[in-house]
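> Sequence unavailable; structure follows:
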Ligand SMILES: Nc1ncnc2c1ncn2[C@@H]1O[C@H](COP(=O)(O)OP(=O)(O)OP(=O)(O)O)[C@@H](O)[C@H]1O
């Protein structure tokens with residue numbers, strides 16, 4: 001018998017979430033972190049003068065200022081919400097009590113440094129935190145949907161136990177909702193809670209606007225066996241370099257578009273390919289099979305007809321057994337109408353549940369999102385504040401690369417003039433093979449695990465090997481200046497040029 005998907009009855013089990021996480025043994029920070037901090041600042045209108053020395057002018061001494069830490073006392077079941085701009089840093093330390101950032105527990109006395117972050121530190125039982133630095137916005141919120149999110153976790157735990165006892169796969173959960181409804185945040189929270197109780201969920205990112213352990217423009221899947229990185233969100237993959245938190249190994253596919261509806265001819269087959277790999281993984285990995293899959297989606301597919309077809313496609317490919325609708329009554333009723341009473345291939349009834357959007361969700365403007373994407377790309381090549389990577393630049397001939405550019409969709413007028421039954425498949429090629437050109441300057445290219453002369457379908461369905469950046473194109477000498485994460489010859493593989501993520505002019 002299938003257990004019901006009930007979000008109300010499990011509140012009492014919240015105390016179970018206070019398990020010691022591996023991070024809880026983090027070393028104490030040094031004494032100097034506890035006192036007021038002395039930081040080096042540069043006065044507006046002045047360059048950093050610490051390395052300059054002009055005769056007669058003493059510009060060598062940096063201006064020092066004392067920043068006093070602020071201590072916040074949080075009552076139980078409240079959260080401190082904060083926003084930090086890019087280029088600014090804020091340090092946060094848990095002084096006493098218990099607290100978590102999107103589900104990941106913070107150890108006492110560990111200092112975390114945030115930049116370009118919008119997040120919240122929640123406490124189930126009350127805590128004191130110390131904050132050093134200027135937040136763009138920060139406040140304490142007393143109303144949060146964390147109890148509902150915890151109950152969602154316990155409802156999933158019930159389904160996992162039932163699935164295990166009946167020899168079935170754990171729940172495959174799809175999170176849908178409008179843009180900025182908190183879908184990714186909810187995925188992080190229920191993933192963190194699952195790993196906290198020893199589960200190993202497979203997390204799938206179908207939102208190409210943000211990368212999960214990869215750069216934007218990709219779809220990926222990763223099994224989470226350990227804690228997430230509090231500062232970076234998801235954490236690091238081996239391509240981001242070593243990390244204090246165990247690195248995760250993502251399986252990545254490239255789509256090269258920000259909006260899946262722009263070219264269903266790419267998105268749907270890549271989703272199918274990823275789903276096949278994930279479902280195979282569940283059969284090979286007992287822990288992942290027991291825990292199941294959590295799928296994040298782009299907000300745009302929750303907006304109406306074309307998007308609903310994508311949702312239908314995802315539900316059938318991943319054999320989704322629970323659809324969680326975040327923050328939209330209308331979407332909830334549309335999903336109920338579409339899936340209520342339907343069963344998965346394995347005969348499970350598809351549950352459709354609605355959960356509240358957090359009042360803390362922030363609408364991110366395009367400038368912030370662009371900086372966020374660029375920071376993900378920068379980190380892929382150069383590492384971050386804690387890890388410095390050494391990418392290599394090399395000059396290569398045009399004919400050393402075989403490049404496939406995503407084909408432009410044929411417009412409706414042209415389609416209407418074409419004879420016969422016109423479908424997207426019959427009118428569009430997937431890629432156009434192109435010769436390097438000046439247009440390619442500053443773009444990111446994707447190397448996939450396919451032979452350069454493979455079929456277009458095989459190239460589209462191949463997993464990603466890595467990314468390169470075109471720093472310069474010399475059309476007279478037929479040469480490209482390429483930045484790659486490692487040195488040596490580029491592999492003889494097909495290379496895809498997509499329109500997403502957009503080029504970066506100042507990467508090097
Ligand atoms: N409780 C909270 N307090 C503060 N910030 C929050 C909270 N919940 C979410 N956020 C922030 O709000 C922003 C939007 O949330 P999130 O990325 O989870 O939404 P989304 O639905 O996945 O968005 P998209 O549709 O663009 O993928 C993020 O920057 C996230 O960190």
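Everything's here; your move. Since this is a predicted model, take the numbers as computed values, not measurements. Numbers count the residues shown, from 1 in each chain.
> what sits against the closest residue to the ligand within the stretch 1-150 of the chain?
At 3.3 Å from the ligand, residue 120 is the closest residue in the stretch 1-150 of the chain, using Cβ to the nearest ligand atom. For the C-beta atoms, the positions are set from N, CA and C on the backbone; glycine is no exception. For residue 120, the contacting residues are 79, 80, 81, 82, 101, 102, 141, 144, 358, 360, taking Cβ atoms under 8 Å, 6 or more residues apart in numbering as the criterion.
> Residue 88 is in what secondary structure piece?
Using DSSP states H and E, residue 88 sits within no helix or strand.
> Nearest to the ligand: which residue in this protein?
residue 360 (2.5 Å).
> Verify the stated contact: that residue with residue 81.
Yes. Taking Cβ atoms under 8 Å as the definition, residue 360 is a contact partner of residue 81 at 4.6 Å.
> Find residues that contact each of those two.
120, 141.
> quick one on the thing from earlier: help me confirm that the residue of the chain closest to the ligand is found in a helix?
No. Per DSSP: H, G, I helix; E, B strand; the rest coil, residue 360 lies outside any helix segment and is coil.
> interface residues of the protein facing the ligand?
Within the chain, the residues that sit near the ligand (Cβ under 6 Å from any ligand atom) are 81, 118-120, 177, 179-185, 207, 209, 299, 358, 360-362, 364.
> List only buried entries from these.
Buried members of these, counted by 16 or more other Cβ atoms under 10 Å: 81, 118-120, 177, 180-185, 207, 209, 299, 358, 360-361.
> What ranges in the stretch 51-200 of the chain fall below the confidence cut-off?
51-66 (pLDDT under 70).
> Which of the helices and strands in this structure ranks last by mean pLDDT?
strand 37-41 (a mean of 39; mean pLDDT, DSSP states H and E).
> Which of the three states applies to the most centrally placed residue in the chain?
With distances taken as Cα atoms, centre = their mean, the chain has residue 212 as the residue nearest its mean C-alpha position (3.2 Å). Using three-state DSSP, the structure places residue 212 in coil.
> Report the spatially nearest residue to it, omitting neighbours in sequence.
residue 205 (3.6 Å; Cβ to Cβ, 6 or more residues apart in numbering).
> Repeat that for residue 189.
residue 103 (3.9 Å).
> give me the number of residues near that neighbour?
Other residues near residue 103 come to 25 when the count uses other Cβ atoms under 10 Å.
> list the contacts for it?
So residue 103 contacts 188, 189, 190, 191, 192, 193, 196, 228 (Cβ under 8 Å, 6+ apart).
> Tell me which of those fall in helices.
Counting by DSSP state H, the part of these found in helices is 188, 189, 190, 191, 192, 193, 196.
> which stretches of the stretch 301-450 of the chain form helices?
305-317, 329-339, 366-382, 412-417, 424-427 (DSSP state H, counting those that start in this stretch).
> tell me which strands and helices the second one is in contact with?
This points to helix 329-339. helix 305-317, strand 322-326, strand 351-355 (3 or more Cβ pairs under 8 Å, 6 or more residues apart in numbering; DSSP states H and E).
> Looking at those, spot the one closest to residue 507.
Closest to residue 507 of the helices and strands packed on helix 329-339 is helix 305-317 (Cβ to Cβ; 31.7 Å).
> What residues of the closest one count as buried?
Result for helix 305-317 [16+ other Cβ under 10 Å]: buried residues 307, 308, 310, 311, 313, 314, 315, 317.
> same deal with stretch 141-161?
Quick answer for stretch 141-161 (16+ other Cβ under 10 Å): 144-146, 148-160.
> can you check stretch 68-82 too?
Quick answer for stretch 68-82 (16+ other Cβ under 10 Å): 69, 72, 74, 77, 78, 79, 80, 81, 82.
> Report how far apart the opening and closing residues of that stretch are.
18 Å (Cα to Cα, to the nearest Å).
> Just give me how far that stretch sits from the chain centre.
Computed by Cα atoms, centre = their mean, to the nearest Å, the chain-centroid distance of stretch 68-82 equals 26 Å.
> And for that stretch, what's in contact with it?
Contacts of stretch 68-82 (Cβ under 8 Å, 6+ apart): 36-37, 90, 92, 95, 97, 99, 114, 117-132, 135, 137-142, 144, 146-147, 360.
> Buried subset of those residues as a ChimeraX selection?
To isolate the buried members of the contacts of stretch 68-82 in ChimeraX, using 16+ other Cβ under 10 Å:
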select :90,92,95,97,99,114,117,118,119,120,121,122,123,124,127,128,129,130,131,132,135,138,144,146,360
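> Now do the strands in the stretch 101-250 of the chain.
Along the stretch 101-250 of the chain, counting by DSSP state E, counting those that start in this stretch, strands occupy 104-105, 111-114, 117-123, 127-132, 137-141, 172-176, 202-205, 218-223.
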